[in-house]
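**Q** all I have is the shape, not the residue letters:
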């Protein structure tokens with residue numbers, strides 16, 4: 001009897017979820033999402049039993065524990081040496097430095113000074129003589145590894161690290177990436193999208209070279225990437241996407257030009273990307289949940305909270321009374 005009740009409950013629950021995630025227009029991807037949610041729900045029912053049906057799920061679930069020391073050990077090893085499986089990321093070596101160093105900083109780990117010095121020296125080798133950073137020593141200067149290198153050096157934050165960047169040449173490189181549209185090319189002859197806007201402006205902000213010439217037209221280009229959904233595409237006319245939306249909005253925050261877009265519509269779009277069963281975020285409408293979007297979409301919320309004054313959020317009861 002319990003089994004049949006549970007099966008009936010699952011069927012009703014999943015029917016509601018299916019309608020809420022595909023707007024009544026199922027796609028192959030929304031069906032995959034539906035299957036994923038059913039699997040997650042069945043697993044939760046098996047592990048938690050009736051507690052999963054309680055209204056207060058938070059009280060029924062155990063709080064996960066971050067294995068801090070194991071993460072630190074893993075990251076320290078990675079800063080020293082990575083396995084051959086990372087060879088495919090040879091053009092992303094400043095990113096590996098940034099991801100590892102930033103994670104260690106978040107975990108409040110004590111990194112040996114000698115290791116920080118080696119990281120700073122390596123990043124210096126990635127700096128192009130004409131400005132900017134490449135994905136590795138001798139590689140083409142590119143806005144993405146430039147962003148990563150700048151943030152890695154800022155995370156190291158030693159006098160040695162602060163002396164690595166040639167600021168005048170960095171500014172010259174960033175200006176050379178500027179496109180007449182107000183956006184930035186990712187590299188010489190490369191694509192123009194809001195990733196370039198964020199990477200360029202963030203690098204300039206960290207280095208203290210955010211000039212009026214560099215900022216000119218940036219907000220207008222980013223605003224043109226906002227879609228009818230509320231999020232932003234990589235370039236005008238593209239579908240709203242979590243990663244591009246974070247880059248676009250974070251760039252507007254750096255420019256102090258958040259008003260250039262409809263922030264309330266963006267907030268609605270971002271919160272609608274959180275799925276009801278997993279709790280994680282999808283990157284686009286009718287797509288599967290992906291762990292990376294817990295950052296891209298989740299990070300939008302605190303940025304937006306600083307833009308949208310609490311007074312603009314009118315409770316439903318107050319609206320009805322008015």
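**A** Arrived safely. Model, not experiment: these values are computed from the prediction.
**Q** so which elements touch the helix or strand hosting residue 303?
**A** Element membership for residue 303 (DSSP states H and E) is helix 300-305. Here helix 300-305 touches helix 242-255, helix 263-272, going by 3 or more CB pairs under 8 Å, 6 or more residues apart in numbering; DSSP states H and E. In short, each C-beta sits where N, CA and C put it, glycine included.
**Q** among those, show me which one is buried the most.
**A** Of all the helices and strands packed on helix 300-305, helix 242-255 has the most neighbours on average by mean count of other CB atoms under 10 Å, namely a mean of 24.
**Q** what angle do that one and helix 263-272 make?
**A** For helix 242-255 against helix 263-272, the angle by axes from the mean of the first three to the mean of the last three CA atoms, to 10 degrees is 140 degrees.
**Q** tell me the buried residues in stretch 118-137?
**A** Residues of stretch 118-137 classed as buried: 119-120, 122-124, 126-128, 131-136 (neighbour count, 16 or more other CB atoms under 10 Å).
**Q** please apply the same query to stretch 153-167.
**A** Of the residues in stretch 153-167, 153-156, 160-161, 164-166 count as buried by neighbour count, 16+ other CB under 10 Å.
**Q** would you turn those into CSV with secondary structure, pLDDT and distance to residue 284?
**A** CSV is the format used below for the buried residues of stretch 153-167 (DSSP: H, G, I helix; E, B strand; the rest coil; pLDDT from 0 to 100; distance: CB to CB, whole Å):
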residue, secondary structure, pLDDT, distance to residue 284
153, helix, 98, 33
154, helix, 97, 31
155, helix, 97, 30
156, helix, 97, 35
160, helix, 97, 42
161, helix, 97, 37
164, coil, 98, 37
165, coil, 97, 35
166, coil, 98, 39
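**Q** let me know the closest of those to residue 291.
**A** If you rank the buried residues of stretch 153-167 by distance to residue 291 using CB to CB, residue 155 comes first, at 22.0 Å.
**Q** and that closest one, what does it touch?
**A** Residue 155 is in contact with 98, 101-102, 105, counting by CB atoms under 8 Å, 6 or more residues apart in numbering.
**Q** likewise for residue 166?
**A** Per CB under 8 Å, 6+ apart, neighbours of residue 166: 127, 131.
**Q** how near is it to residue 223?
**A** Distance of residue 166 to residue 223, given as CB to CB, to the nearest Å: 32 Å.
**Q** one more: residue 286?
**A** From residue 286 across to residue 223, the span is 25 Å (CB to CB).
**Q** circling back: and of the helices and strands packed on helix 300-305, who's closest to residue 280?
**A** The stretch from these with the least distance to residue 280 (CB to CB) is helix 242-255; that distance is 11.2 Å.
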